[in-house]
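> Got a sequence here, can you model it:
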Amino acid sequence: MKRFMVWAIALVFLFCTSAIAAPAKEAAAPAAPAAKAEPAKAEKKDVKAEKKVAADKKAAEKKVAADKKAADKKVAADKKAADKKVAADKKAADKKAAADKKAAEKKVAADKKAADKKAAAPAAPAAPVKK
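Below is the predicted model:
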């Protein structure tokens, strides 16, 4: 197990030192070819940046459209719910008004019947008054 760890550490050390040494070799190369490649790289970066800006703009427009659509749906649903509530309230009010009217008519009929019954009843003879 110890030998395995020693070999693993040695391999990591070799890998790290070769990675550090590689950039130093590239820096020692002449600067002229890098200068020629610079404009091409800059153009590629500009094209990539433009594409990214265009993609971001398109995504933002898409998000705005989706948000607007969602807001319109919500407004329509709220309006529909409000209309439904108004209709239910009107129906309940009409039902209550009809019940109240029916109850009032029933009471009037009962009062009239009681009055007719009282009027139709023979008058009770007055009790003689003692002197």
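> From the chain's centroid, how far away is the longest helix that the chain contains?
Longest helix in the chain, counting residues (DSSP state H): helix 32-120. Helix 32-120 sits 11 Å away from the centroid of its parent chain (CA atoms, centre = their mean, to the nearest Å).
> Stretch 40-59 - what's its average pLDDT?
Mean pLDDT, stretch 40-59: 86.
> Stretch 67-80 - what's its average pLDDT?
Across stretch 67-80, the average pLDDT comes to 95.
> now do stretch 17-31
In the prediction, stretch 17-31 has an average pLDDT of 63.
> what do you get for stretch 88-97?
95.
> likewise stretch 110-120?
Averaged over stretch 110-120, pLDDT sits at 85.
> Identify the residues contacting it?
Around stretch 110-120, nothing counts as a contact under CB atoms under 8 Å, 6 or more residues apart in numbering. C-beta coordinates here come from the backbone N, C-alpha and C atoms, glycine included.
> oh, and call the first residue 19 from now on, that's how I've got it
I'll keep to 19 as the first residue from here, and by that count the last item is stretch 128-138.
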